[in-house]
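Trainee: Sharing a sequence plus its predicted fold:
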Amino acid sequence: MMTESVWIKPEVENRDAQYFGVGLYSRVFAYVAIVLSVQIFRWSLYVAHGFDLGFYQQALAAWVHEGIHATSTYFPGPVLEHNDAWLMIFLAYPATWLGTGFLFFVETLIMALGYIPLAKLAKLWGLSPESLMVIGGLYLLNPLVIAGNLYDFHMSLLAIPVLLWAFVLAQKSQLGPFTLTLLLFTGLGIHGTLVMVLFTLVLLLQKDRRFALVTFSVLIVWFLVLHLGFHLSWARWLLPGVYPLNFHISMRTVLYSIWVVAPFLFAATLIVRHKAFYLSPYWIMALIGLSIHLFSSNLAQTSPFDQDSAWLVPLLLWAVMDTLRHFARVTWSKKAYGLINAVLLGMLALMALDFYHSAWRVRPQNTAALTKALARVSLHHEIYAQNNVLPHLGMTPYAVPLSRLNPSRLGYEAQVIWDTQFSDHTTSANVYAFLHTLSHSPKADIVFQDAGVIVFKMTARH
């Protein structure tokens, strides 16, 4: 027995190092460093999209100031009713103390750590370390993941690593930790209900009936709590809204479409290379998720791919990994490995191009004026601002997106920051027409004006 332990232990440790060695953690660190740097760079240039980031900042600050009775200036009702992400509460105090950068850091770190359950799943399924690097690239460099992480803050993104861990725990038959992970999953947004339905079907395909039953039970209880506690419509728990399929042809749409198709092409390449046909049943879940997402995309988005697109990534990765598993231990030649790395780096370069294209649509030359304008507003009164300015207002419960401005309800001492060089497609032309009229009205004082940036303050004068 002693001789056996001497020889087996180094072999096990060496195998673990192949999956969980320096390479894995260096990729996690590189992702955090690069994405966090770009987030801060965008923030400093006033080019962050800002709506969801601003919403969470305002919601967290309102919770700290008002507790469970906190109401949102973005949407009617309590702050938790918008997307029912109850884990927001645990971010409230540290975010208020540490500021906006803390939200960037938490989102980026948790998304990067999603690489670890992928590595565990690869090891459980007997995939080679080289195959793991490909799967990890499809995850970390995936525009559907990076876009939601890079351009905003979304609680729903944090659920992706949690979902990956749940799948790993199901594979390892650890029912207790699996159930706790599902309960954690329910705290990250209402749109996870649809994903949990698909996840239940995935577990049934894996013949994990006990885990599928637990998932379905948690889903039913969650749905009942959401419906009874927040008076949701019976349809909203499944879809955020169904719209006519409407594609906005843009560079981002093309780039993201290529990346959505990439896992399918990769699986087809494996089939051709091994000269054996295999259609993973997981593709069915991925196609269902993709089709539902396209028909429920918000028309305010510039493409059908938004933060909710990231839900598709685990479904696509499971299908690819199952295909790799079916073909046993797939080996990679130096030529094939180099080609795959070139493709992944090329997609990273395309994402950089997408970032450049989207960043400079907001003109950065008036950054200094916006910085000065922010110094002229009070954080203790309502502040209406465009999406590119919202993240810079910090953790105030009084931030309101300009798209929510109602002229008949603009109260005394309310403030408006208007960047006339920035046209926000979520704000109606009527609001901008009202602001133009207001700039010549005695109902408001112009307390700052420079480089196209105007700050109004409503007064008692008529």
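Mentor: Cool, got the structure.
Trainee: switch to C-alpha atoms for all contacts and neighbour counts from now on
Mentor: Will do.
Trainee: Quick check: which ranges of the stretch 351-462 of the chain have low pLDDT?
Mentor: 351, 354-365, 460-462 (pLDDT under 70).
Trainee: and if you look at the stretch 201-350 of the chain?
Mentor: For the stretch 201-350 of the chain, the stretches flagged by pLDDT under 70 are 227-252, 293-306, 328-333, 335-337, 339, 343, 347, 350.
Trainee: what are the ranges of the helices in the stretch 301-450 of the chain?
Mentor: For the stretch 301-450 of the chain, the helices defined by DSSP state H, counting those that start in this stretch cover 312-326, 334-359, 367-374, 429-438.
Trainee: Looking at those, which one is packed in the most?
Mentor: Highest mean neighbour count among the helices of the stretch 301-450 of the chain (mean count of other C-alpha atoms under 10 Å): helix 312-326, with a mean of 21.
Trainee: That one - contacts with which helices or strands?
Mentor: Applying 3 or more C-alpha pairs under 8 Å, 6 or more residues apart in numbering; DSSP states H and E, one finds that helix 312-326 contacts helix 129-140, helix 159-171, helix 251-274, helix 282-295.
Trainee: mind redoing it with 6 Å?
Mentor: Judged by 3 or more C-alpha pairs under 6 Å, 6 or more residues apart in numbering; DSSP states H and E, the packing partners of helix 312-326 are helix 282-295.
Trainee: one step back: make a markdown table from the helices of the stretch 301-450 of the chain and add distance to Gly21 to it.
Mentor: Output for the helices of the stretch 301-450 of the chain, formatted as a markdown table (distance: least, C-alpha to C-alpha, whole Å):
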| stretch | distance to Gly21 |
| --- | --- |
| helix 312-326 | 20 |
| helix 334-359 | 19 |
| helix 367-374 | 43 |
| helix 429-438 | 55 |
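Trainee: Mind checking those for the one nearest to Val197?
Mentor: Closest approach to Val197 among those is made by helix 312-326 (12.2 Å; C-alpha to C-alpha).
Trainee: Distance from the chain centre to that closest one, please.
Mentor: On the basis of C-alpha atoms, centre = their mean, to the nearest Å, helix 312-326 sits 20 Å off its chain's mean C-alpha point.
Trainee: and if you look at stretch 437-450?
Mentor: Chain-centre distance of stretch 437-450: 38 Å, with C-alpha atoms, centre = their mean.
Trainee: Just the buried residues of that stretch, please?
Mentor: Leu438, Ala444, Asp445, Ile446, Phe448, Gln449 (16 or more other C-alpha atoms under 10 Å).
Trainee: Which parts of the stretch 51-200 of the chain are helices?
Mentor: Using DSSP H, counting those that start in this stretch, the helices of the stretch 51-200 of the chain run over 51-66, 88-98, 100-112, 115-124, 129-140, 143-151, 159-171, 175-185, 192-205.
Trainee: looking at those, which is closest to Gln39?
Mentor: Closest among the helices of the stretch 51-200 of the chain, once you apply C-alpha to C-alpha, is helix 143-151, at 5.8 Å.
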